[in-house]
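In: model this:
(chains A and B)
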Amino acid sequence: MDASSVVAPPPSGRRSLHRFANPGRFLRLSGRMLPWIAAAGAIVTAIGLVWGLLFAPADWQQGDAVRIMYVHVPAAWLASAGYVTLALCSVVSLVWRHPLADLAATETGPVGAGFTALCLLTGSIWGKPMWGAWWVWDARLTSVLILFFLYLGHIALVRAFDDPQRGYRSGAILALIGVVNLPIIKFSVDWWNTLHQPATISFTGAPTMYIGMLWPLLFAALGYTLVFAAIVLARTRAAVMERRIRALLMARAAA
Amino acid sequence: MTHLPYVVAAYLLGVLIPTSFAVSAFLRMRGARRRLDAMDRRRRR
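Out: Alright, predicted model coming up:
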């Protein structure tokens, strides 16, 4: 008998989204998917990064410093996408009070903070040779820094209470309040006169980027997204099992 | 290659940060699974 079968409650015939949130079913399903997502993430990220570093053309203005884009832009996308994930888990947690959503939100926070830190650090490294400064109080940079602090606040808040439920609830409220920062990040380069360049890729228009640079960027973005998903999935699996261990220990202590 | 130290530093961070998260998540998951399996074996005995 493996760990997933220990956690699995009796099977339910109900065909709803809730059946995927059942901890036992989640462990079985994620256990099957995780190796594939992790392997695909590692391979696609490696292709994107090697392509961007060695084979993509240098920029006529920025030279080879433009290659930092293949790390910085996916990290920036995932900083925002991670926060959207956090907010969605928070909605499910507040509305349906689902324990798996609480655990997923708790485990998404540190990973999102890590990718936001990666975005800020690589942006700083890119900014030094291009702008002549490691940091400027530009609207885009400042709003991403606020996003990083929101992640840190969420991480601290969910662990700040003796009663975990109060922590999850407070964290969910903070996560939902912080969503207001996402459009500010997105449109900061349009609303204010910033040093940071405006978006070169959008869902509504054609990209203003040379195709030889666009493809490795898309590969790196897809790869990093899969890596992010694999890390969150693995952490959430660990959290589900750790919760089960605590429950078993408490049951044993009470017996 | 121009700006080589900056490019290398960015790529190192781009590899090291996700890798450290992935390794710690894997180790935590493996530890939890082992503990749970051990507890389950003890419970069935």
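
In: hmm, who's touching stretch A:76-91?
Out: With CB atoms under 8 Å, 6 or more residues apart in numbering or on different chains as the test, stretch A:76-91 has contacts from A:101-102, A:104-105, A:108-109, A:111-112, A:115-116, A:119, A:123, A:144, A:147-148, A:150-151, A:154, A:171-173, A:175-176, A:178-179, A:181-182, A:185-186, A:221, A:224-225, A:228, A:232. Heads up, the C-betas are built off the backbone N, CA and C, glycines and all.

In: buried residues in it?
Out: Judged by neighbour count (16 or more other CB atoms under 10 Å in any protein chain shown), stretch A:76-91 contains these buried residues: A:76-83, A:85-90.

In: model confidence over that stretch, on average?
Out: The predicted model gives stretch A:76-91 an average pLDDT of 97.

In: for it, the distance to its chain's centre please.
Out: Taking CA atoms, centre = their mean, to the nearest Å, one finds the center of stretch A:76-91 at 6 Å from the center of the full chain.

In: how about stretch A:161-176?
Out: The gap between the average C-alpha position of stretch A:161-176 and the chain average comes to 19 Å, counting by CA atoms, centre = their mean.

In: returning to that earlier point: ok, and of the contacts of stretch A:76-91, which contact chain B?
Out: A:111, A:115, A:224, A:228 (CB under 8 Å from any CB of the partner chain).

In: identify the farthest-apart pair in those residues.
Out: Taking CB to CB as the measure, these span a maximum distance of 11.3 Å, between A:V111 and A:Y224.

In: Serialize the buried residues of stretch A:76-91 to a markdown table and add fields for secondary structure and distance to A:D138.
Out: As requested, these are exported to a markdown table (DSSP: H, G, I helix; E, B strand; the rest coil; distance: CB to CB, whole Å):
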| residue | secondary structure | distance to A:D138 |
| --- | --- | --- |
| A:A76 | helix | 14 |
| A:W77 | helix | 19 |
| A:L78 | helix | 20 |
| A:A79 | helix | 16 |
| A:S80 | helix | 17 |
| A:A81 | helix | 22 |
| A:G82 | helix | 22 |
| A:Y83 | helix | 20 |
| A:T85 | helix | 26 |
| A:L86 | helix | 25 |
| A:A87 | helix | 25 |
| A:L88 | helix | 29 |
| A:C89 | helix | 30 |
| A:S90 | helix | 29 |
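
In: for B:R41, state which of those residues is nearest.
Out: Of all the buried residues of stretch A:76-91, the one with the least separation from B:R41 (CB to CB) is A:C89, at 33.0 Å.

In: ok, so what distance separates the closest one from A:Y83?
Out: Using CB to CB, to the nearest Å, one obtains 11 Å as the distance from A:C89 to A:Y83.

In: now A:L53
Out: Distance from A:L53 to A:Y83, counting by CB to CB: 28 Å.

In: could you do A:A255 as well?
Out: Computed with CB to CB, the distance linking A:A255 and A:Y83 is 43 Å.

In: how about A:Y224?
Out: Relative to A:Y83, and taking CB to CB, A:Y224 is found at 15 Å.

In: likewise A:A238?
Out: When CB to CB is applied, the distance between A:A238 and A:Y83 equals 22 Å.

In: how about the residues of the stretch 1-150 of chain A near chain B?
Out: If contacts are counted using CB under 8 Å from any CB, the residues of the stretch 1-150 of chain A sitting beside chain B are A:1-3, A:6-7, A:38, A:45, A:49, A:53, A:58, A:63-65, A:67-68, A:70-72, A:75, A:110-111, A:114-115, A:117-118, A:121-122, A:125-126, A:128-129.

In: just the residues you listed: which are in helices?
Out: In helices, defined here by DSSP state H, the members of these are A:3, A:6-7, A:38, A:45, A:49, A:70-72, A:75, A:110-111, A:114-115, A:117-118, A:121-122, A:125-126, A:128-129.
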